[in-house]
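S.K.: Have a look; sequence and predicted model below, questions after that.
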Amino acid sequence: MDGHSIPSMKEALLQEGLPDGKVRCLTCERRCALAPGEKGFCRTRVNREGKIYTLVYGLIASLSANPIEKKPLFHFFPGSLALTAGTWGCNFACPWCQNWEISKRDPEEGYGHGYIAPAEFVALANRYHCQGTSISFNEPTLLLEWALDVFRLARKEGLYNTFVTNGYMTREALEAIVEAGLDAANVDIKGEREAVRRYCGADVEVVWRNCRLLVEQGVHLEVTTLVIPGVNDSERTLRGIAERIYTELGPEVPWHLTRYFPAYEFHTPPTPVSTLEWAHALAKEVGLAFVYLGNVPDHPLENTYCPRCGALLIERHGFSIAHCQLEDGRCPDCGRRIPLRM
Ligand code: SF4
């Protein structure tokens with residue numbers, strides 16, 4: 001079976017042969033070693049006769065034109081629309097997944113929008129008056145080969161490209177994505193090493209490494225933590241993440257503290273809003289300049305305030321911008337520069 005007749009089945013870009021017909025997938029840091037006929041942890045890649053194929057090249061589960069604020073990306077083309085696509089499957093095991101209907105599904109079970117060619121996707125972005133593209137909903141790294149083709153075309157058309165990711169791709173995958181035209185990413189930092197290992201089956205140090213690489217390569221970065229009671233809501237965990245953002249990524253990297261709701265196999269009640277407000281104060285105390293609450297509609301901490309004088313700069317309601325009063329990228333009251341890509 002060579003997969004040529006099925007457009008969503010394509011030879012995977014990053015793989016290495018092992019003895020006995022096994023092949024190692026080098027797309028994400030799980031580095032699955034697949035025996036002939038075997039699928040990877042994410043269920044999007046399979047070893048067919050000694051080669052790994054992706055099963056999800058352009059196989060789109062969800063598609064919509066979303067405000068960039070929904071990613072969330074608050075300091076990147078505010079008020080713009082990004083045509084957003086995601087496929088099936090995931091390389092993490094989080095039991096609280098808020099997108100489990102697509103992430104926990106085998107691509108061969110789901111249909112969704114079916115196959116969308118890269119050129120068709122970019123044409124749709126233009127038709128829907130989007131300023132850019134976004135690969136999210138499920139883990140975008142699983143769409144690696146399609147993302148590279150989309151990003152190259154989109155960049156030629158003057159569109160921006162974004163990823164909303166758990167940050168678990170290999171260094172080779174990350175470098176390929178950046179080279180193809182990634183402009184911005186929102187990366188989830190889910191907690192301390194032990195909690196991420198226990199619940200998600202992953203090593204959070206890889207995620208930190210990739211965040212540092214994104215910053216080094218000039219990609220606009222924002223970080224999100226879904227704050228979950230009993231998992232990552234202790235002072236030690238949240239202060240620890242804030243301090244690492246400050247020292248390893250920079251004090252101006254925005255941090256989104258988002259509210260968890262019960263989903264999939266996790267039934268702990270929703271995060272109290274007071275916990276998020278407390279975490280926000282803690283992060284400001286550490287010295288982060290831009291900290292936001294998420295999944296708490298119309299909360300004043302969804303807004304951007306000047307870190308120097310406290311002036312309200314961007315007022316948000318849900319995913320829309322009610323008011324933006326920056327002047328040449330600066331606070332109109334005190335003149336502080338506000339990092340924001342447009
Ligand atoms: S993408 Fe990750 S989880 Fe999926 S097969 Fe490759 S190494 Fe395994």
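M.R.: Right, received. Where do you want to start? Remember, it's a predicted structure, so these values are computed and weren't measured experimentally.

S.K.: How are the strands of the stretch 1-150 of the chain distributed by residue range?
M.R.: Along the stretch 1-150 of the chain, the stretches classed as strands by DSSP state E, counting those that start in this stretch are 10-11, 15-17, 23-25, 33-34, 45-48, 51-54, 59-60, 62-67, 81-86, 114-115, 132-135.

S.K.: The stretch 201-342 of the chain now?
M.R.: Under the criterion DSSP E, counting those that start in this stretch, the stretch 201-342 of the chain contains strands at 220-227, 255-259, 291-294, 304-305, 312-317, 320-324.

S.K.: what's the closest of those to the ligand?
M.R.: strand 220-227 (20.7 Å; CB to the nearest ligand atom). Where C-beta positions appear, they are placed from N, C-alpha and C, glycine not excepted.

S.K.: residue contacts, F121?
M.R.: F121 sits next to G58, L83, A85, T133, V150 when contact means CB atoms under 8 Å, 6 or more residues apart in numbering.

S.K.: hmm, 10 Å instead?
M.R.: For F121, the contacting residues are G58, I60, L63, L83, A85, T133, I135, W146, D149, V150, L153, A154, by CB atoms under 10 Å, 6 or more residues apart in numbering.

S.K.: rewinding a little: got JSON lines for the strands of the stretch 1-150 of the chain, with mean neighbour count too?
M.R.: Converted to JSON lines, those look like this (neighbours: other CB atoms under 10 Å):
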{"stretch": "strand 10-11", "mean neighbour count": "16"}
{"stretch": "strand 15-17", "mean neighbour count": "14"}
{"stretch": "strand 23-25", "mean neighbour count": "22"}
{"stretch": "strand 33-34", "mean neighbour count": "18"}
{"stretch": "strand 45-48", "mean neighbour count": "24"}
{"stretch": "strand 51-54", "mean neighbour count": "23"}
{"stretch": "strand 59-60", "mean neighbour count": "24"}
{"stretch": "strand 62-67", "mean neighbour count": "16"}
{"stretch": "strand 81-86", "mean neighbour count": "26"}
{"stretch": "strand 114-115", "mean neighbour count": "14"}
{"stretch": "strand 132-135", "mean neighbour count": "28"}
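
S.K.: out of the ones you listed, which comes closest to Y305?
M.R.: Y305 lies closest to strand 62-67 among those, at 20.3 Å (CB to CB).

S.K.: Neighbouring strands - and their directions - for the closest one?
M.R.: Sheet pairing of strand 62-67 (DSSP bridges) gives strand 81-86 (antiparallel).

S.K.: State the separation between the partner strand and the centre of the chain it belongs to.
M.R.: 12 Å (CA atoms, centre = their mean, to the nearest Å).

S.K.: what's the average pLDDT for it?
M.R.: The predicted model assigns strand 81-86 a mean pLDDT of 98.

S.K.: Which residue, neighbours along the chain excluded, lies closest to the residue in the stretch 51-200 of the chain that the ligand sits nearest to?
M.R.: As assessed by CB to the nearest ligand atom, the ligand sits closest to N91 within the stretch 51-200 of the chain, at 3.9 Å. Closest residue in space to N91, ignoring its immediate chain neighbours: C42 at 4.4 Å, by CB to CB, 6 or more residues apart in numbering.

S.K.: before we move on, the earlier item: any idea which of the strands of the stretch 1-150 of the chain scores lowest on pLDDT?
M.R.: When I compare the strands of the stretch 1-150 of the chain, strand 114-115 is least confident, with a mean of 92.

S.K.: What is it packed up against?
M.R.: strand 59-60 (3 or more CB pairs under 10 Å, 6 or more residues apart in numbering; DSSP states H and E).
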